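Asks: below are the sequence and a predicted model for it; my questions follow.
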There are 2 protein chains.
Amino acid sequence: MGKRVRVFAPATASNLGPGFDILGLALERPGDVVEAEIGDRPGVEIVEVTGAASLNTDPTKNVVGIVAAATIEKLDLRNHGVRLWLHKQMPLGSGLGSSAASSVGAAVAVNALFEGSLSPDAIVACALHGEAAASGTAHADNVAPSVLGGIVLIRAVDPLDLVQLPVPKALRIVLVHPHAEVLTSEARRLVAASQFTIGQAVTNLGNVAALVTALHRNDLTLFARSISDALVEPIRAPLVPNYDVVKRAALDAGALGCSISGSGPSVLAFADSDAAANRVATAMEAGFAGAGLASDRFVGPVNTRGARVL
Amino acid sequence: MGKRVRVFAPATASNLGPGFDILGLALERPGDVVEAEIGDRPGVEIVEVTGAASLNTDPTKNVVGIVAAATIEKLDLRNHGVRLWLHKQMPLGSGLGSSAASSVGAAVAVNALFEGSLSPDAIVACALHGEAAASGTAHADNVAPSVLGGIVLIRAVDPLDLVQLPVPKALRIVLVHPHAEVLTSEARRLVAASQFTIGQAVTNLGNVAALVTALHRNDLTLFARSISDALVEPIRAPLVPNYDVVKRAALDAGALGCSISGSGPSVLAFADSDAAANRVATAMEAGFAGAGLASDRFVGPVNTRGARVL
């Protein structure tokens, strides 16, 4: 048996209020672990999936298989093979970038296994094959921060243009995941089927420009004023049980801002200290409990390292 | 006769590619001059308008009169009066923020005349009465940079939230004004009547976030990649004679980017040196000449001072 590579790829929160499809950040936890060994024959084999009974081990139907094949192709190693183990450590359809974390884990693991020298952008491009398979569009706002860590701006996808943004030191992330599921592909379909007024676009343009300025200036007051989304939140809020109550609870408990994480149902809030972040998380969990839902909280700083070989 | 105050208020370029209604910058020239004296009786009198035969001297129908009245009201000087002189030094309906410059000149002049202490935000709020009268909406992307100078982000208008952005030292502005007119109110109506896809919004969100980052990092390469507008340019380009030719000429001559200034017909380009800026201006003028139009060029750095008492 050859060497085995183990990779941790972090969960991510995307959109960050006004930045639909263009902003995302990495969390310290949860995250997926992907293991890879060189196979005896060409092709991709998924040996085992733990932590998610519903996931397929057919490598053409699981994002880790799809991404591993794309990465082997990118590395120009077409007659090589890999064997993969996927350890899901986060729920599916949660708004935590679950498919992105698995995809990134596979791309980083295959690159490391073959001692490839793919750039972070090339890793992102490989992992996007998984996003396209999972949700129907190759949006990079989960994949890019899972690879790079920190807060990432996706200026454009084709060609890929990623910009790493500064992370204010005091910023704390609060992610509360209620035990419910939203289908990313369905949530995306709702948005794609909508039309928007110029007023909605202008509101988000102003807020996203201010949010980016706030990061560069380390100005959490301006940051707080900018976490507002007139485009997508009105469409997706009904998919998240008790969203208005949870958001109100977060803001009342001192959150800097609150929005749906990705396509939900997880809700993302920001705080300026660990103490405030924990208060906000407790208030948000109470909000979900009001809809009869248990939930998990993930509280901490932004993960500035991104995916890593363990 | 009492003292007379003279104010110069600069022309402005708004939108800056992806930032419809939220970004604007001030030019060194042209600009309007407004003079003000304390009147003998309450109310506003427009004594003279030079440089624009078509403008009304009825103070309820000219933006300087409307803004002067709003400023007197804001200063709580309702039983005072002013006499105004407006010296138009730029064309109307040009995309240079002509009505904004006159409005700002009036607000700054009245505040200075009465030794008021209105904040820049309050001056902007007064001048917005002129924009509402001239174009039907109180958009601040010309007024704010004319007051403050530099490159200004209008995060929101109600309540007003202005953010001054860094100005890269090497940045040069090229504004070419063809001898044609676009009615701002009509150009705005076309945009207001349109509906937009999420893809168009996402393109502009990514570009505006990258543009702001480029300013903070003094990165003119990223700036150049970000000057692109999927929302409004497709709607307004047909209003600008030969726009596609002029834009192509600007980029081929080395412009960092090119877009319609405000609602046109002036076209805005960016360059990274005086020499490049002049080459770009010459190429753009040739583009308009191809449509049989003479044009004026305004080339220089961003005006970082804003409106000032002379």
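Replies: Right, received. Where do you want to start?
Asks: now do the contacts for residue A:27.
Replies: Taking Cβ atoms under 8 Å, 6 or more residues apart in numbering or on different chains as the criterion, residue A:27 is in contact with A:10, A:11, A:12, A:13, A:96, A:173, A:175, A:298, A:300, A:302, A:303. Where you see a C-beta, it was placed from the backbone N, CA and C, and this is true even at glycine.
Asks: contacting residues around the closest residue to it other than its chain neighbours?
Replies: Computed as Cβ to Cβ, 6 or more residues apart in numbering or on different chains, the closest residue to residue A:27 that is not its neighbour in sequence is residue A:11, at 4.7 Å. Neighbouring residues of residue A:11 by Cβ under 8 Å, 6+ apart: A:26-27, A:29-32, A:90, A:96-98, A:101, A:146, A:175, A:298.
Asks: where does residue A:11 land in three-state SS?
Replies: Secondary structure for residue A:11, judged by DSSP: H, G, I helix; E, B strand; the rest coil, is strand.
Asks: neighbours of the residue lying closest to residue A:156 once chain neighbours are set aside, how many?
Replies: Nearest non-adjacent residue to residue A:156, counting by Cβ to Cβ, 6+ apart: residue B:206, 5.7 Å away. For residue B:206, the count of nearby residues is 28 (other Cβ atoms under 10 Å in any protein chain shown).
Asks: where does residue B:206 fall, secondary structure wise?
Replies: Assigned by DSSP states H and E, residue B:206 falls within helix B:198-217.
Asks: now do the buried residues in that helix.
Replies: Neighbour-count burial for helix B:198-217, counted by 16 or more other Cβ atoms under 10 Å in any protein chain shown, picks out B:198, B:200-217.
Asks: what angle do the helix or strand bottoming out on mean pLDDT in chain A and helix B:198-217 make?
Replies: Across the helices and strands of chain A, the lowest-confidence element by mean pLDDT, DSSP states H and E is helix A:184-192, at a mean of 89. When axes from the mean of the first three to the mean of the last three Cα atoms, to 10 degrees is applied, the directions of helix A:184-192 and helix B:198-217 differ by 90 degrees.
Asks: which parts of helix A:184-192 are buried?
Replies: Counting neighbours by 16+ other Cβ under 10 Å, helix A:184-192 gives A:184, A:187, A:188, A:191 as buried.
Asks: show me what that helix is packed up against.
Replies: Judged by 3 or more Cβ pairs under 8 Å, 6 or more residues apart in numbering or on different chains; DSSP states H and E, helix A:184-192 is in contact with helix A:120-135, helix A:233-236.
Asks: and the first one, how far out from the chain middle?
Replies: Taking the mean of its C-alpha atoms, helix A:120-135 sits 12 Å from the chain's own mean (Cα atoms, centre = their mean, to the nearest Å).
Asks: following it, which helix or strand comes up?
Replies: helix A:143-148.
Asks: how about that next one and chain B, any contact?
Replies: No - using Cβ under 8 Å from any Cβ of the partner chain, helix A:143-148 never reaches chain B; the gap is at least 11.7 Å.
Asks: residues in contact with that helix?
Replies: The contact list for helix A:143-148, computed with Cβ under 8 Å, 6+ apart, reads A:9-12, A:14, A:24-26, A:31, A:97, A:100-101, A:103-104, A:107-108, A:120, A:123-124, A:127-128, A:130-131, A:151-152, A:154, A:162, A:164, A:306-307.
Asks: any idea which helix or strand comes after that helix?
Replies: strand A:151-157.
Asks: can I get that next one as PDB, trimmed to CA atoms?
Replies: What follows is strand A:151-157, C-alpha atoms only, in PDB (Å, rounded to 0.1, in the frame of the first residue of the first chain):
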ATOM      1  CA  ILE A 151     -12.600  36.200   3.100                       C
ATOM      2  CA  VAL A 152     -12.500  35.900  -0.700                       C
ATOM      3  CA  LEU A 153     -14.000  38.000  -3.400                       C
ATOM      4  CA  ILE A 154     -14.800  36.200  -6.600                       C
ATOM      5  CA  ARG A 155     -14.700  39.000  -9.100                       C
ATOM      6  CA  ALA A 156     -15.500  36.700 -12.000                       C
ATOM      7  CA  VAL A 157     -15.700  33.000 -12.600                       C
END
